[in-house]
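Student: sequence unavailable; structure follows:
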């Protein structure tokens with residue numbers, strides 16, 4: 001590895017379009033909740049997820065593919081008919097909704113405030129991986145087996161601002177691959193994220209006192225359980241990749257041709 005960096009806010013996404021990302025692996029974190037939700041859907045047998053930039057794109061996907069399920073949120077809650085002109089989305093953005101009975105074998109279009117936006121911004125990269133606390137080990141194992149020249153850990157953030165939980169996710173992964181970067185140039189943001197993670201003593205739930213998203217979700221009875229669910233570490237043993245067509249699929253960590 002030659003370079004390790006972390007992007008904290010969506011304000012940094014636009015610069016990605018002007019960079020040569022041909023040797024870059026981007027790993028996207030939207031811990032509360034988009035990337036956690038995508039991973040849970042794949043865990044429960046979803047065939048693929050299609051991150052959409054906006055409502056119109058998701059609705060157009062349903063028009064072209066009538067069996068496509070629709071998932072997404074605005075202001076944290078499931079998208080209803082009032083926002084779409086009549087179409088109720090099948091899911092919100094709670095990972096607990098995506099049960100095997102509802103998603104196995106299905107394709108799902110998903111649009112969220114920040115997570116899908118971050119994935120789309122990373123599309124030109126050589127590899128785009130989807131991560132959360134749930135698959136840290138699998139993601140780190142893949143990176144150790146297929147060391148990228150340039151590793152960019154992308155925090156989806158909240159609105160236009162940073163999100164504490166995404167910083168922790170990026171910091172946790174940075175810590176797990178730190179030995180790969182001994183000879184690399186490491187930007188200050190990567191040090192900040194790793195030090196932030198190390199300071200939590202791995203107590204992610206208590207750390208949510210510093211997270212605007214965490215505090216908000218914990219204050220909503222029907223969504224409060226999402227927080228601990230999304231913060232459970234290493235419970236999934238697979239990676240997820242967004243391919244060149246913009247489709248996210250499950251890939252085992254040991255796959256040789258991952259993301260190519």
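Tutor: Sure, I can see it. All values derive from a computational prediction rather than experimental measurement. Numbers count the residues shown, from 1 in each chain.
Student: tell me the pLDDT of residue 17.
Tutor: Turning to residue 17, the model gives it a pLDDT of 86.
Student: hmm, I was thinking of residue 258
Tutor: 45.
Student: ranges for the helices of the stretch 101-250 of the chain?
Tutor: Residue ranges of the helices in the stretch 101-250 of the chain, as given by DSSP state H, counting those that start in this stretch, are 115-121, 136-145, 164-176, 188-199, 204-207, 212-218, 225-231.
Student: got the contact list for the last one?
Tutor: The one in question is helix 225-231. 31-33, 36, 94-96, 132-134, 165, 204-205, 208, 214, 217-218 (CB atoms under 8 Å, 6 or more residues apart in numbering). C-beta: built from backbone N, CA, C; applies to glycine.
Student: residue 67: neighbour count?
Tutor: A total of 7 residues lie near residue 67 under the criterion other CB atoms under 10 Å.
Student: tell me the secondary structure at it.
Tutor: coil (DSSP: H, G, I helix; E, B strand; the rest coil).
Student: phi and psi next, for it.
Tutor: According to degrees, to the nearest 10, the main-chain angles of residue 67 amount to phi -90, psi 0.
Student: one more: residue 65?
Tutor: The phi and psi torsions at residue 65 (degrees, to the nearest 10) take the values phi -130, psi 90.
Student: grab the nearest non-local neighbour of it.
Tutor: residue 107 (7.0 Å; CB to CB, 6 or more residues apart in numbering).
Student: contacts only, for residue 118.
Tutor: Listed by CB under 8 Å, 6+ apart, the contact set of residue 118 reads 10, 13, 28, 30, 154, 155, 156, 157.
Student: strands - which of the residues you listed land there?
Tutor: Within these, residues falling in strands by DSSP state E are 28, 154, 155.
Student: JSON lines for the residues you listed, including pLDDT?
Tutor: Written out in JSON lines, the entries for the ones in strands among the contacts of residue 118 read as follows (pLDDT from 0 to 100):
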{"residue": "28", "pLDDT": "98"}
{"residue": "154", "pLDDT": "98"}
{"residue": "155", "pLDDT": "98"}
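Student: just the buried ones from those residues?
Tutor: Restricting these to buried positions leaves 28, 154, 155, with burial counted as 16 or more other CB atoms under 10 Å.
Student: so residue 59 touches residue 86, yeah?
Tutor: No: using CB atoms under 8 Å, residue 59 and residue 86 do not qualify as a contacting pair, with a distance of 9.7 Å.
Student: which one of those two has more residues nearby?
Tutor: Set side by side, residue 59 and residue 86 show more neighbours around residue 59, with 21 against 9, by other CB under 10 Å.
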